[in-house]
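[1] Below is the structure, and that's it, no one-letter string:
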Ligand code: PMP
């Protein structure tokens with residue numbers, strides 16, 4: 001017999017896939033670590049399991065307890081899967097810009113979801129951070145995982161994502177490209193890879209409306225950089241403890257429009273259906289292509305699956321309402337003009 005003891009043993013060991021058409025004018029070899037093969041269809045399964053195992057080992061959560069987390073969906077999905085297997089109740093706070101699909105998926109796995117307003121400061125009692133903290137204080141035997149500052153997050157990637165990439169590229173990786181939200185993925189993966197070869201360049205992908213790039217370049221936390229944006233999962237209005245700025249060589253900002261368009265291009269040209277931030281990572285790499293040579297081996301780590309965005313970036317009406325498809329004519333519009 002050949003089987004896993006539970007679905008949790010299927011986390012990690014995701015495939016590395018070469019990109020072809022979309023990188024036709026990039027001189028380097030461009031590989032993608034396709035994290036959608038995790039059971040929750042995102043990379044966050046890795047850190048969710050690690051945070052839960054560490055919380056159990058530290059006695060922060062006990063059998064029958066309640067997992068509390070503020071999550072844009074993917075961490076919640078990972079925690080909901082692990083929680084279901086291990087028998088924990090899950091309560092997640094999320095914000096009202098997240099796709100409905102993500103919220104419905106969390107509920108499908110048995111979690112309770114509290115939707116909080118997006119456009120309030122982190123300190124506001126209605127913010128998804130504050131609500132998670134309050135619930136954790138009021139519910140007995142509950143633990144707020146706080147993926148932003150919980151360093152088990154980046155440790156998960158140091159222990160699994162980094163070594164997998166090193167092994168799958170036979171140590172030939174020269175550039176790592178990763179979207180940055182909590183910073184766990186880039187910091188843990190980047191640290192492991194730089195320990196193997198300090199010459200590896202680590203490029204973080206940021207959004208317009210986020211503080212990371214300016215902070216990295218000037219050391220200044222500039223509130224003027226903060227404004228609402230549409231891209232999900234990357235960029236922040238806080239500096240999470242999981243972001244290790246010393247590991248990151250450069251932050252590249254990508255617009256909401258380009259992130260969406262390049263996710264669609266990845267689906268159509270590579271047959272890989274991915275989330276919004278994967279499009280941002282792709283667009284960010286293409287913005288940087290002049291810095292690459294034929295000897296370079298780039299690895300883009302993507303975060304989640306496109307199924308969570310069918311009502312958004314893969315929906316033409318949604319795209320057009322935001323002016324993201326202004327150069328694309330639809331067959332039905334051309335026929336209507338007759
Ligand atoms: N993309 C998506 C879709 C995500 O959910 C996240 C997690 N917030 C990220 C990118 C960024 O990953 P990390 O939190 O590890 O920086």
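    Nice, I can see it. Everything numeric in this text was worked out from a predicted model, so none of it was measured. Numbers count the residues shown, from 1 in each chain.
[2] check contacts around the closest residue to the ligand within the stretch 151-300 of the chain.
    Of all residues in the stretch 151-300 of the chain, residue 233 sits closest to the ligand, at 2.4 Å by C-beta to the nearest ligand atom. Backbone N, C-alpha and C define where each C-beta goes, glycine included. If you count contacts by C-beta atoms under 8 Å, 6 or more residues apart in numbering, residue 233 has them with 72, 74, 179, 181, 275-277, 303-304.
[3] go again using 7 Å as the cut-off
    For residue 233, the contacting residues are 72, 74, 179, 181, 275-277, 303, by C-beta atoms under 7 Å, 6 or more residues apart in numbering.
[4] Strands of this structure, start to end?
    Applying DSSP state E to the chain gives strands spanning 16-18, 29-33, 66-70, 89-95, 112-116, 142-144, 175-179, 201-207, 250-254, 297-301.
[5] Switch those strands over to a markdown table; also include distance to residue 154, mean neighbour count and mean pLDDT.
    Formatted as a markdown table, the strands of the chain follow (distance: least, C-beta to C-beta, whole Å; neighbours: other C-beta atoms under 10 Å; pLDDT from 0 to 100):
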| stretch | distance to residue 154 | mean neighbour count | mean pLDDT |
| --- | --- | --- | --- |
| strand 16-18 | 21 | 14 | 98 |
| strand 29-33 | 16 | 23 | 99 |
| strand 66-70 | 16 | 26 | 96 |
| strand 89-95 | 21 | 22 | 94 |
| strand 112-116 | 25 | 17 | 95 |
| strand 142-144 | 18 | 21 | 97 |
| strand 175-179 | 12 | 27 | 99 |
| strand 201-207 | 13 | 26 | 98 |
| strand 250-254 | 17 | 20 | 98 |
| strand 297-301 | 13 | 23 | 99 |
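[6] Can you say which of these is nearest to residue 47?
    Closest approach to residue 47 among the strands of the chain (C-beta to C-beta): strand 66-70, 11.0 Å.
[7] now this structure, which segments are flagged as low pLDDT?
    327-330, 337-338 (pLDDT under 70).
[8] Would you mind listing what in it touches the ligand?
    44, 72, 74, 179-186, 232-234, 275, 277, 303-304 (C-beta under 6 Å from any ligand atom).
[9] let's go with 5 Å and repeat that
    74, 179-185, 233-234, 275, 277, 303-304 (C-beta under 5 Å from any ligand atom).
[10] Out of those residues, grab the one that's most surrounded.
    Greatest neighbour count in those, by other C-beta atoms under 10 Å, goes to residue 184: 34 neighbours.
[11] from memory that one sits against residue 153, does it?
    Yes. Contact criterion C-beta atoms under 7 Å: residue 184 and residue 153 qualify, at 3.5 Å.
[12] what's the overlap in contacts for these two?
    Joint contacts of residue 184 and residue 153 (C-beta under 7 Å, 6+ apart) are 47, 147, 242.
[13] and which of those is nearest residue 191?
    residue 242 (11.2 Å).
[14] Got the phi and psi for that closest one?
    phi -70, psi -20 (degrees, to the nearest 10).
[15] which residues does it contact?
    So residue 242 contacts 148-149, 151, 153-154, 182-184, 187 (C-beta under 7 Å, 6+ apart).
[16] Can you tell me which of these is closest to residue 174?
    For the contacts of residue 242, the nearest to residue 174 is residue 187 (18.9 Å; C-beta to C-beta).
[17] ok, and the closest non-adjacent residue to that closest one?
    residue 244 (3.9 Å; C-beta to C-beta, 6 or more residues apart in numbering).
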